[in-house]
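Chemist: Next input, structure requested:
(chains A and B)
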Amino acid sequence: MRKDQNIAQQTDFLLLGIYLLMVVFGIVNIHSASNASFDVSIFDIGNNTGKQIMWFGFSLFIGLIIMVFDLKLVRASIYPAYLVVLVLLVAVLFMPPINGQKSWFGVGSFGIQPAEFAKITTALVLADYISKINVKLQNIQSVIFANMIILLPGILILLQPDAGTLVVFTAFLFVMYREGITYDPIIVRIINSYPGVRIKNTWIGSNFIPILFVVVILSLLTLTIRESEIFVPFTLIPLRGKFIIVAFIGVVFILYYLIIQRLVGKRDRPKILALGLVSGLLLSLLVLGVDYGFENLKEHQKDRIELALGLEEDPHGRDYNRYRAMSAVGSGGFSGKGYHNATVASPVLNHVPEQETDFIFCTLSEEWGFLGSFGLVIIFSVFLIRIIIIAERQKSTFSRVYAYSVAMVLFYHFAINIGMNIGLAPVIGIPLPFFSYGGSSLLSFSVMFFILLKLDSERGNMLVGE
Amino acid sequence: MNFEGRKIFIIFFIVATSIIYSVKLFHMQVIDNTWSERAAFISETRREIIPPRGVMFDRNGKKVVSNSPYYDLRFIEKNIVDLDTQALAKLLQVHDTFIRYRFDEIVKQQGIYKGKSNYQKAREYTFIQGITKEEIARIAPELYRFPGFYEVATSMRNYLYPNGANILGYIAEVDKEKVDNDPYYRSGDFIGKAGLERFYEEELRGQKGIKYLLRNAANNTIQSFDEGRMDTMAIQGKNLTLSIDIDLQAYGEQLMKNKLGCIVAIEPATGEILALVSSPSYDPNLLVGRQNISANYPKLLLDPYMPLFPRPTQAEYPPGSVFKLIQALIAMQEGVITANTGFPCTSSIVGCHGHAPAGNVSSAVKVSCNPYFYYTTKKIIEQGKKKSIFEDAAEGLAIWERYMHSFGLGVKLETDIYGIRPGLIPNPAFYDRWYGKNGWAFKTIRSIAIGQGEVKLTPLQMANVAAVIANRGWFITPHCVKSIGDDGPHPEYLIKNKTMVDSVHFAPVIDGMRRVIEEPGGTGKNAKVPGITVCGKTGTVENPHGKDHSVFIAFAPMDNPQIAIAVFTENAGFGGTWSAPITSLMIEFYLKREISDKAKEQRILDAVILPTLKKK
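Modeler: Down below sits the predicted model:
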């Protein structure tokens, strides 16, 4: 009895509140994205809304079980669960493909995607591994082993092939970055194998992940907005593709310069300014290089990349799926067209594909306008930052690593899903957590969330569950 | 080591992403209006308004082809709720399986793009086309039971006479290839498939109008887009005034009933086709609308007498004796004979029928003397310009061919009915291919002299020969449309084509043609029309496959020709027996509108001249 009270007292109700708010608002949107009018009963199990409500109920039930569960049992079942998911990931490869992907176990109209649950088991195993006394992410064996934990399900998911979920798995790299991972031992060993060279560490190895991230993001962004054109504010000077990014880097550098002038002592200024200048120049070079490289590819190679980035043309030739999604978002205006009044992301006219799953943000933005979409961005950001605050207050490494995993996985989904709706990210088919229609997705994110809530409620315990 | 500082980087990323996304969202949704315009463009619905097709009138202003209201049954799959296919099949009076079949067919028709069907559940498709007013009166009140289905008024062709099917042609649903290659057409549109409907498609179809509508989430029209500023009006197709005399056409078809063959009548001065009978013919209304076409087209196609075959423009027959007229004209123009040249009736060379030898061109035409025209043609072909008889014949034939082309023979007579054949006028290259260079002389090819052998003409070309003679040396390309709207015919149908024969040479030939009909011993006495001087020429075409074909060409009246005509009756034997009386009836009907010799008319109407068909 005392323990239950403890859980209730220690539960982070802010986080729980945001979770409930998001799921309910999500269901409201699914109703509009799936049905032409209010007439359809929300409790009709044959309807998307009814199904989602049922899955929500089921998620809450599982969540309740997790909250009252003994964490010792949870930790004991981590590795078996990880293995079971791996087996499922292998088994799913023998299922009939749906839309060219072998990623579903289907029973009637209900389906389960093991890849969704692989995120949870991978997060738990990674957390467990890193929290071991003898594991240090500065040792070469530990680094390799930690990466293997991610790579194993990652490869199986790639075989489905589900590139979107694989991308999400790179979120764990940031978790390891926070835990101090350095690839230096590997890099240093390779460099030192050269006769006569002897170095102790490099800056690149320890900051490998953020550097990689920035390089990848900038490259993708360069390719994604190659064809875009904007005007420099208050002028008629057009900026095309790569130059938008280069100009943006320039603006950031000017801000950086102004901040340095104000905040950094005179003695350190030249060094820090030089660092910023060199980074800015290198990044600009990267952008120009990627664009130049792409221009010089053969036509079919370009096509393949454009296909992978979702820049492929839609069946009716005139525009892109992304273009349609952006039209839906952009036409929402400040306050939206009103609930059930979307004209582009409408369930009847079908101008936006997958609008109740991957493109649910279209319906929301078109019907609720900037108020709705900005609200969603704010709520999500608060939710993510709150998880990071929670992560940092954990006394156990296990809980902290797990909390960071949750934060980063959700952040990836958030950034990519909304990014592709507003033309800032390639079209990778991954759902918007708690909003997109789909039982597998809602249940797995909920389980992930409730485990976090449970761990946090027992944060006083240094060796949670051990 | 403490790595807590690294959380700053992560939080920075989250905050930066949120700020960039918020700015972008604000820009897209609040500042930049272009996305709203694009959204309107996407959700706008283009509705095409198809104007009524142009109407056709005959030369006397009688309406021949008009449009009458019909209905389409259309559907939008998204709006269909619990379709009871059995009840629907019962309502539409089709077989149960048709409903499923038709859905599959529509989906298939849309084609596939990158592995996905172009079919869209939210789009409107036509389920059944061409429902009559009577049928829709029964169907429409019941449609409430089938949400997603609704009727749309359209128009369809209505042929007011059961005649002229081979001239008018028909319209049918445009095929997929055309839709892919011509942006004007959309799946389900109608297009002219044959005859004038096909040739004048662009004039008849008019200009589609486009109405832009905005639709709301439930697919209901909410307003016209941009206050209708972008809408365009549909423009009705142009009306055609045909040169056809529909009564003459009907009369011709009646006369040709139970016979195979054709009648082509032309007004010589204008080249306007007055009647173009192809027999057997069929009621053009048989090919109106999807159901009629699918029910009747195969039947017509498989009919052993080939009613769909447009004989006047596409059948190529040896012309027989009517060809002799041209031989005489060419020979006189070439100077190898004069109007008064005589030849003996040497029936050892070519068979002939007993008659007094012809002492001049006129008499030769009158009695249709085979040896006479053998000698005449020999003189054209063998002009003695080269030593070798082979080279001489080649040169002579080349000259002869140019004359023939100037008469519109051996070349396509570019009339305005879709699908014409050029016939065949052999040239030196043609015989070289058969016999080798210098492998043939006049004797080898002599059967062309009397219009047999390799020579082939379409009935339209035969009638045109009559028109040329009536005009004494020129013709206007025969055509069926007198005027497009009020603009007159296509400009090419105003051009006089001069033949290479001067008009002075026509008098003896015309005199012979008069004597064919008017004098005792002429071959075409049956073509006599009381009170009118008719000039004509019989032809009997040897047919290796069966009974000879009967041909007659004529024009009348002699001094002020109003009508030039060719009648071709397959397997009817001697030209004077069948084709000549039919010619006279047509001329009399056209010029007098009444028939004096009822017995003659009755004899023709009663005649059944159909070849027995070999069973396959």
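
Chemist: Low-confidence bits of the chain, can you list those?
Modeler: Defaulting to chain A. A:1-8, A:36-46, A:99, A:107-110, A:304, A:307-321, A:347-351, A:353, A:461-466 (pLDDT under 70).

Chemist: not quite, I wanted chain B
Modeler: B:1-2, B:41-47, B:111-118, B:122, B:212-230, B:613-616.

Chemist: tell me which element B:L274 falls in.
Modeler: Following DSSP states H and E, one finds B:L274 within strand B:272-279.

Chemist: Provide the contact partners of that strand at residue level.
Modeler: Here strand B:272-279 makes contact (Cβ atoms under 8 Å, 6 or more residues apart in numbering or on different chains) with B:59, B:164, B:166-167, B:243-245, B:248-249, B:251-253, B:255-257, B:259-267, B:307, B:309-313, B:415, B:417, B:460, B:478-480, B:482, B:563, B:586, B:590. C-beta coordinates here come from the backbone N, C-alpha and C atoms, glycine included.

Chemist: What of stretch A:433-445?
Modeler: A:19, A:22-23, A:25-26, A:29-30, A:33-34, A:48, A:51-52, A:54-56, A:58-59, A:62, A:110-113, A:116-117, A:119-120, A:356-358, A:360-361, A:364, A:376, A:410, A:413-414, A:417, A:431.

Chemist: I'd like the distance from it to the chain centre, please.
Modeler: Relative to its parent chain, stretch A:433-445 has a centroid offset of 14 Å by Cα atoms, centre = their mean, to the nearest Å.

Chemist: who's in contact with the nearest residue to B:Q383 once chain neighbours are set aside?
Modeler: The shortest distance from B:Q383 to any non-neighbouring residue, by Cβ to Cβ, 6 or more residues apart in numbering or on different chains, is to B:G396 (5.3 Å). B:G396 sits next to B:380-383, B:385, B:442 when contact means Cβ under 8 Å, 6+ apart.

Chemist: Now the phi/psi pair for whatever residue of the stretch 251-400 of chain B ends up closest to chain A, please.
Modeler: At 26.3 Å from chain A, B:R290 is the closest residue in the stretch 251-400 of chain B, using Cβ to the nearest Cβ. For B:R290, the backbone dihedrals (degrees, to the nearest 10) come out as phi -50, psi -50.

Chemist: Excluding residues flanking it in the chain, which one is nearest it?
Modeler: B:Q129 (4.3 Å).

Chemist: hey, where'd the strands end up in the stretch 351-466 of chain A?
Modeler: For the stretch 351-466 of chain A, no strands are identified by DSSP state E, counting those that start in this stretch.

Chemist: need the helices for the stretch 351-466 of chain A, in chain order.
Modeler: Assigned by DSSP state H, counting those that start in this stretch, the stretch 351-466 of chain A shows helices spanning A:360-392, A:397-421, A:439-457.

Chemist: what's the spacing between stretch B:153-164 and its chain's center?
Modeler: 17 Å.

Chemist: what's the answer for stretch A:368-383, then?
Modeler: 16 Å.

Chemist: about what we covered before: so is the residue nearest to B:Q383 in a helix, a strand, or just coil?
Modeler: At B:G396, secondary structure determined by DSSP: H, G, I helix; E, B strand; the rest coil is helix.

Chemist: which SS class is the closest residue to chain B within the stretch 51-200 of chain A?
Modeler: In the stretch 51-200 of chain A, no residue comes nearer to chain B than A:G180, which is 3.8 Å away by Cβ to the nearest Cβ. Assigned state for A:G180: coil (three-state reduction, three-state DSSP).

Chemist: Now for the nearest residue to B:F57 once chain neighbours are set aside: which residues touch it?
Modeler: Spatial nearest neighbour of B:F57, chain neighbours left out: B:T241 (5.1 Å); criterion: Cβ to Cβ, 6+ apart. Neighbouring residues of B:T241 by Cβ under 8 Å, 6+ apart: B:56-59, B:61, B:481-483.

Chemist: related to what we said a few turns ago, looking at the contacts of B:G396, state which has the most neighbours.
Modeler: B:I381 (25 neighbours; other Cβ atoms under 10 Å in any protein chain shown).

Chemist: you'd agree B:E151 is up against B:A140?
Modeler: Yes - using Cβ atoms under 8 Å, B:E151 is in contact with B:A140, at 5.5 Å.

Chemist: Spatially nearest residue to A:G241, not counting backbone neighbours?
Modeler: Leaving out its chain neighbours, the residue that sits closest to A:G241 by Cβ to Cβ, 6+ apart is A:R226, at 4.3 Å.

Chemist: I appreciate the help and will end here.
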